[in-house]
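In: model the structure of this input:
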Amino acid sequence: MNRREMLHRTMLAAGLTALGPWGGVYSRVKAAEQDEAGSRPGGVKTKIVLVGHKPDHPPGTHLYLEECALLARCLRQTPGVEAVVSDGWPKDPSLFNGLNALVFYSSPGAELLFHKDHAAQAEALLKLGVGFTALHWATGISKNDENTPMAEQYLRALGGMFGFGWSKLDISPSRVEPTAPEHPISRGWTAFDLKDEWYINLKFLSAVQPLAKVRVQNQDCIVAWAYQRADSAAGRSYGNTLGHFHANFGQESLRKMIVNGVLWTAHREIPASGAPCAVAAQAS
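Out: Next comes the predicted model:
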């Protein structure tokens with residue numbers, strides 16, 4: 001039995017259905033874009049679901065669904081990738097059939113991933129080795145207490161975590177620098193200047209591999225990391241706190257490091273020049 005069949009049968013046996021309260025597939029992702037995904041050898045595709053929802057911040061920031069659609073278009077430029085955008089946790093259980101990776105660009109991801117209506121489903125996906133990526137605020141939890149069961153659960157899922165009870169924010173120009181240039185996620189991009197909302201004093205597990213940092217308030221702050229989940233079937237997670245401003249996604253290096261990270265969690269090989277991530281001028 002292959003991994004896809006095992007995932008499907010496990011979910012059926014557990015009676016797990018997508019019961020999230022947020023809604024269905026994001027309507028602005030056109031069916032024509034789905035056809036751009038080619039097949040991998042043997043006709044097997046790499047399936048990635050990106051989860052966002054309506055904005056919760058001022059205009060020009062936290063445009064969750066827009067950025068998910070942008071990243072999905074970038075991901076489809078890698079042959080064999082099928083990328084689907086969902087407005088909230090998918091209600092259609094078929095979206096999880098053969099799933100390779102899950103991506104959140106959303107409000108705090110802990111409450112989204114482990115919402116009571118689908119926490120068991122999320123845990124099953126993670127244990128089966130489905131990749132997990134959290135971007136910007138999705139790397140966090142809204143609660144201030146880092147010792148809650150949900151905080152501990154999310155930290156085990158992502159490897160690192162933002163929280164208002166122990167972290168700080170800063171918005172200023174800085175330089176994003178790679179810290180592990182030999183890692184596949186670091187391929188094809190070099191240090192770049194950026195003004196973003198930086199997260200300071202994140203909480204990390206010791207197994208995390210830092211991938212990028214910035215210098216803010218006279219200290220080095222990790223802004224991207226990779227994590228091999230020990231309590232899963234070769235599961236990989238990727239955290240990246242960048243992406244507060246919509247305009248920042250016009251920076252190719254930012255897009256490339258994120259797309260590389262998502263593909264890495266899906267166990268795809270990253271080219272030496274990094275994954276393709278071209279966008280039309282008006283989309284960036």
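
In: tell me where the model's unsure across the stretch 101-250 of the chain.
Out: 144-146 (pLDDT under 70).

In: the strands in it, which residues?
Out: Along the stretch 101-250 of the chain, counting by DSSP state E, counting those that start in this stretch, strands occupy 131-135, 140-141, 160-163, 168-178, 192-200, 203-204, 209-216, 219-229, 235-240.

In: what are the buried residues along stretch 158-174?
Out: Buried residues in stretch 158-174, defined by neighbour count with 16 or more other CB atoms under 10 Å: Leu158, Gly159, Gly160, Met161, Phe162, Gly163, Ser167, Ser174. All C-beta atoms are positioned from the backbone trio N, CA, C, and that covers glycine.

In: got the end-to-end distance for that stretch?
Out: 25 Å (CA to CA, to the nearest Å).

In: and if you look at stretch 85-96?
Out: End to end - CA to CA - stretch 85-96 spans 12 Å.

In: picking up where we left off before, what would the buried residues of stretch 158-174 look like in JSON lines with distance to Lys91?
Out: Below are the buried residues of stretch 158-174 laid out as JSON lines (distance: CB to CB, whole Å):
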{"residue": "Leu158", "distance to Lys91": "24"}
{"residue": "Gly159", "distance to Lys91": "28"}
{"residue": "Gly160", "distance to Lys91": "29"}
{"residue": "Met161", "distance to Lys91": "27"}
{"residue": "Phe162", "distance to Lys91": "27"}
{"residue": "Gly163", "distance to Lys91": "28"}
{"residue": "Ser167", "distance to Lys91": "32"}
{"residue": "Ser174", "distance to Lys91": "39"}
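
In: which one among those residues gets closest to His57?
Out: Nearest to His57 among the buried residues of stretch 158-174 is Phe162, at 15.0 Å by CB to CB.

In: number of residues surrounding Gly60?
Out: Using other CB atoms under 10 Å, Gly60 has 11 neighbouring residues.

In: that one against His244, yeah?
Out: No: using CB atoms under 8 Å as the test, Gly60 is too far from His244 to be in contact (9.4 Å).

In: still on that earlier bit, now, which of the buried residues of stretch 158-174 sits nearest Ser142?
Out: When the buried residues of stretch 158-174 are compared against Ser142 (criterion: CB to CB), the nearest one is Gly163, at 8.1 Å.

In: give me the beta-bridge partners of the closest one?
Out: Beta-bridge pairing for Gly163 (DSSP bridges): Ile141.

In: hang on, the earlier thing: please identify the deepest-packed of the strands of the stretch 101-250 of the chain.
Out: strand 131-135 (a mean of 28; mean count of other CB atoms under 10 Å).

In: how far does that strand sit from its chain's centre?
Out: Mean-position distance between strand 131-135 and its chain equals 3 Å (CA atoms, centre = their mean, to the nearest Å).

In: now stretch 166-174
Out: The answer for stretch 166-174 is 20 Å, by CA atoms, centre = their mean.

In: could you do stretch 215-229 as well?
Out: Centre to centre, stretch against its chain (CA atoms, centre = their mean), the figure for stretch 215-229 is 16 Å.

In: what does stretch 85-99 give?
Out: For stretch 85-99 - counting by CA atoms, centre = their mean - the centre lies 15 Å from the chain centre.

In: all good on my end, thank you.
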